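In: coords below, sequence missing:
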Ligand SMILES: Cc1cc2nc3c(=O)[nH]c(=O)nc-3n(C[C@H](O)[C@H](O)[C@H](O)COP(=O)(O)OP(=O)(O)OC[C@H]3O[C@@H](n4cnc5c(N)ncnc54)[C@H](O)[C@@H]3O)c2cc1C
């Protein structure tokens, strides 16, 4: 047994950590995350240059990684700095393109920005409820429907859209310029888009894409969970640090046992969360990937809410302010529950496994 | 035991309902439902409407312009206001300073300030907290020094809610630096237009502006602005903090929040059916509703006790703790019910067919985050527990 990162991954973690720590101080993050285009294009370019995207794709698809652990390492580092760059879309798109045997070069070099459109208003998490339809048209296809909260969609060149195709689901590439895309900023920083498709031209990337979509979702979940672990770490240790500095009643508030024990409870939940994410990362790509992704996302939803709410509460008023970084960590931790399936959705997925 | 309202209470409830149906303008209920910040104008307009009926200063005695209601009537009134989506009363003048002046103020102070609170001439804010004095309010440093007929005030207050609209601020200031912590503090009224006052807004977690920092540099106010005795302001501070406050459990707001969660869950689809039909989510709502149902009775039991025995005691701390937790849980459920539709920053995607989710949900996540304040301010829930530990458990 060995819970250490391989040398390569440790190097990646260190490099990314250092880069983000230097180039992406939280003040800068807060500024870019809430102003159109809701990320920093220059930093995106640098992230790409560092090879962050290559780390997300398997070697046979032109990448240099792509395992659950590669994904975790990258996203934990992003989570620590609350990085709002549209990396999740790139990750999920790279899985879909790789599964289709398509060329990843434009994605990996950062030349083309991808987002993935699965979510719909009436089907936020469930593939079998997708209503967007594809019909054959000329040499290609036309799509109709609405894709909701497409993360990174506000700056995407191409959106990979899941749509009904024959009896199953296909994945189609839509040029953002051809669709009706409304970009916006989000509560927790970063951007997304509503993508309205009305007989919009599209090219087929993959027919019968259920398994590929599942895999992309599982990879996305591992990524979000690792991001949450990174963000929880920072929120928790910032709170503990504040315990030592903030004095009330003549003592540092960290001397109050009631706060101490709650910080310990947070730490326990974070370690539990870290463990289940390691498990989900290990299973990614395997037969039980979905089950462990669901377990991880459920636990992350619970732990992240606890850490977010407790960090605010135990800081007192200061963490209610925009200026204090913990408020932004809390927002990200709370809002990522609604991405790719929330706590309850994934709890019910685990429960479904019990049916005889 | 009889859990039902008396015939008089029911008649009173009908009277309140009828009045609200007649007099509460739709533009206000729309604004409250939408959940964003209310403008100063809307709040003042609502205060004026209630004042016309004599229902504004609900906790003042009759001789000072209050309606002379029993605690149960006050509760019914608040519950009906919440049900009708009326704006919240801004409490600083009406529910905080008013009772202080009535109990500790001079006749002149009462005659001068109270009518101006009622008719909206003066908007008040509360200057208690300081950067170094939050839970430990008695460690406050802002000082007021006597210079002839004036107090000269220097220091900084923070977290001043709606101070940007205020004409006046009531402050706790240190008037005897040599006295023990709780001693040597005085309660002083300050006109916000006095030279030397600077108000700086603080942006909150959800992007709104409701609190401020206030800086005092050689601010001179007449000695007559002292309320009660010099150096005895702590008594007033404590009176204000533990003073009988109706609605501390926020039952009305939680009833409103419960209704909203259900409404969202009926309109949101999950797995091809309305979310409210999902057993997991329905169970979460049911759990919160059960807690709320118990809270309604706990609240009434404490009101009843207050009615029988005079002002309630430290049980109000229990009401505050549980009431805020229930309300926060309901706000969390509403946000979760919306799922990804709660993601946009308020104001970003609301037009035409790009309206997300059910109507009136645009500020949902923002409200969830903003509402975290309720377990922090007015004495944090931790401080409330300390109070209960001392007073009820006698530990
Ligand atoms: C939105 C908002 C509006 C406000 N409006 C006003 C206003 O209008 N006027 C005004 O004067 N003030 C206002 N306040 C201030 C509010 O009353 C204080 O924030 C509150 O008293 C907590 O103080 P603090 O923020 O300094 O936290 P701290 O006192 O620093 O507390 C930090 C943490 O330590 C805990 N803690 C502290 N002491 C103990 C202890 N002995 N035992 C256990 N735990 C402890 C606290 O519960 C909290 O979790 C407002 C605050 C907010 C957030």
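Out: Here it is on my side, so go on. What you are looking at is a predicted structure, and each value in this text was computed from that prediction instead of being measured. Residues are numbered from 1 along each chain as shown, chains lettered A, B, ... in the order given.

In: which residues are in contact with the strand or helix carrying residue A:77?
Out: Using DSSP states H and E, residue A:77 sits within helix A:68-80. Contact with helix A:68-80 is made by A:5-6, A:9, A:12-13, A:16-17, A:20, A:52, A:55-56, A:65, A:83, A:85, A:87, A:91, A:219, A:222-231, A:233-234, A:277-278, A:280-285, A:332, as judged by Cβ atoms under 8 Å, 6 or more residues apart in numbering or on different chains. To be clear about C-beta, it is placed using only N, CA and C from the backbone, and glycine gets the same treatment.

In: give me that answer again for 6 Å
Out: A:9, A:12-13, A:16-17, A:20, A:52, A:55, A:222-223, A:226-227, A:229-231, A:234, A:281, A:284 (Cβ atoms under 6 Å, 6 or more residues apart in numbering or on different chains).

In: for the chain, what spans make up the helices?
Out: Using chain A. A:7-23, A:26-33, A:41-49, A:68-80, A:87-99, A:105-108, A:210-245, A:257-283, A:289-315, A:325-335, A:343-352 (DSSP state H).

In: The intended chain is chain B.
Out: Under DSSP H, chain B gives helices at B:7-23, B:26-34, B:40-53, B:71-83, B:91, B:98-104, B:107-118, B:233-242, B:251-267, B:279-309, B:315-338, B:364-370, B:381-391.

In: and the ones you listed as CSV, adding distance to chain A and mean neighbour count?
Out: Converted to CSV, the helices of chain B look like this (distance: least, Cβ to the nearest Cβ, whole Å; neighbours: other Cβ atoms under 10 Å in any protein chain shown):
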stretch, distance to chain A, mean neighbour count
helix B:7-23, 32, 13
helix B:26-34, 16, 15
helix B:40-53, 21, 16
helix B:71-83, 23, 21
helix B:91, 18, 17
helix B:98-104, 23, 21
helix B:107-118, 26, 16
helix B:233-242, 15, 19
helix B:251-267, 10, 21
helix B:279-309, 5, 16
helix B:315-338, 6, 23
helix B:364-370, 5, 24
helix B:381-391, 6, 17
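
In: okay, the ones you listed in a markdown table with mean pLDDT and distance to residue A:311 next?
Out: Shown next, in a markdown table, are the helices of chain B (pLDDT from 0 to 100; distance: least, Cβ to Cβ, whole Å):
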| stretch | mean pLDDT | distance to residue A:311 |
| --- | --- | --- |
| helix B:7-23 | 96 | 40 |
| helix B:26-34 | 90 | 29 |
| helix B:40-53 | 96 | 32 |
| helix B:71-83 | 90 | 30 |
| helix B:91 | 92 | 28 |
| helix B:98-104 | 95 | 35 |
| helix B:107-118 | 98 | 38 |
| helix B:233-242 | 88 | 26 |
| helix B:251-267 | 92 | 23 |
| helix B:279-309 | 91 | 23 |
| helix B:315-338 | 94 | 15 |
| helix B:364-370 | 94 | 13 |
| helix B:381-391 | 95 | 14 |
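
In: and the ligand, which of the ones you listed is closest to it?
Out: Nearest of those to the ligand, taken as Cβ to the nearest ligand atom: helix B:381-391 at 3.3 Å.

In: Quick check: which helices or strands does the closest one pack against?
Out: Contact partners of helix B:381-391 among helices and strands, from 3 or more Cβ pairs under 6 Å, 6 or more residues apart in numbering or on different chains; DSSP states H and E: helix B:315-338.

In: Would you mind finding the longest strand in the chain?
Out: Picked chain A for this. strand A:191-206 (DSSP state E).

In: my bad, the chain I had in mind was chain B
Out: Assigned via DSSP E, chain B shows its longest strand as strand B:209-222.

In: so what strands line up beside that strand?
Out: Strand B:209-222 has the following strand partners under DSSP bridges: strand B:150-157 (antiparallel), strand B:197-203 (antiparallel).

In: just checking, which of the ones you listed sits deepest inside the structure?
Out: strand B:150-157 (a mean of 21; mean count of other Cβ atoms under 10 Å in any protein chain shown).

In: That strand and the ligand, any residue contact?
Out: No - if you take Cβ under 6 Å from any ligand atom as the test, strand B:150-157 misses the ligand, and the best it gets is 6.6 Å.

In: And that strand, how far out from the chain middle?
Out: 26 Å (Cα atoms, centre = their mean, to the nearest Å).

In: Residues touching that strand, excluding its own?
Out: In contact with strand B:150-157 (Cβ under 6 Å, 6+ apart) are residues B:127, B:130, B:141-145, B:173, B:214-216, B:218-221.

In: Buried among the residues you listed? Need that as a selection in PyMOL.
Out: Selection of the buried residues among those in PyMOL, burial being defined by 16 or more other Cβ atoms under 10 Å in any protein chain shown:
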select buried, chain B and resi 127+130+142+143+144+173+214+215+216+219+221
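
In: of all the contacts of strand B:150-157, which comes closest to the ligand?
Out: residue B:127 (6.0 Å).

In: Now do that closest one against residue B:248, distance only.
Out: Residue B:127 sits 21 Å away from residue B:248, going by Cβ to Cβ, to the nearest Å.

In: try residue B:157
Out: 23 Å.

In: try residue B:134
Out: From residue B:134 to residue B:248 the distance is 19 Å (Cβ to Cβ).
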